[in-house]
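A.B. asks: have a look at this fold, sequence not included:
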């Protein structure tokens, strides 16, 4: 009899705890959901981010160039289309960063599962983000979080990634990623500027 009462108490306690946890999660999810930026701004952000302003004197002589910054980092970019980029560059990116890019819808369940396993083992949690996650983090959420790892940023990143995947094609997402993500030192924020800076070559497709 005592065991039965204890089991009933334990069941009620666990049920109440689960309901309370669900209420807390729902409250935060609704709050963070109201704070989401408009995913449709992705087009405008990537077009304006990194645009350079050239200054000329009255006689037309060049005086200098103003390069915008993200935080303390100057941004210098040359916008390229996906068709101008070497397929080897695209293939290497997908193979290294997001092998199921063309299969998922912004979130990779397999990648998330691996991170849960790593966390359960006490290992450091890294990776697991899709190219779309990285794009959202470095554009729509950059100004608000500046790369900070917080639960609300991750939640917004996931929701926005799904919205972006529903509204843009894979080719558009890939092209925007290649023109936006930071690729190395000297303020190179797209693949063409980065490869040209490092090897005096370009990531553009070679013409034969």
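C.D. replies: Great, that's in hand. Quick caveat, the model's predicted, so the values are computed rather than measured.

A.B. asks: tell me the spacing between residue 142 and residue 107.
C.D. replies: Distance from residue 142 to residue 107, counting by CB to CB, to the nearest Å: 20 Å. (C-beta placed from N, C-alpha, C; glycine too.)

A.B. asks: got it, and residue 121?
C.D. replies: 22 Å.

A.B. asks: likewise for residue 57?
C.D. replies: 52 Å.

A.B. asks: can you pick out the residue with more neighbours from these two?
C.D. replies: Higher neighbour count among residue 57 and residue 107: residue 107, with 18 against 8, using other CB atoms under 10 Å.

A.B. asks: is it correct that the more buried one is in contact with residue 160?
C.D. replies: No - using CB atoms under 8 Å, residue 107 makes no contact with residue 160, being 11.0 Å away.

A.B. asks: mean confidence for stretch 113-127?
C.D. replies: The average pLDDT for stretch 113-127 rounds to 73.

A.B. asks: residue 39: how many residues sit nearby?
C.D. replies: Residue 39, neighbours per other CB under 10 Å, totals 20.

A.B. asks: can you check residue 146 too?
C.D. replies: 10.

A.B. asks: show the pLDDT at it.
C.D. replies: 76.

A.B. asks: all strands of the protein, in order?
C.D. replies: 53-56, 62-66, 69-70, 73-74 (DSSP state E).

A.B. asks: give me the helices and strands touching the second one, please.
C.D. replies: Packing partners of strand 62-66 (3 or more CB pairs under 8 Å, 6 or more residues apart in numbering; DSSP states H and E): strand 53-56.
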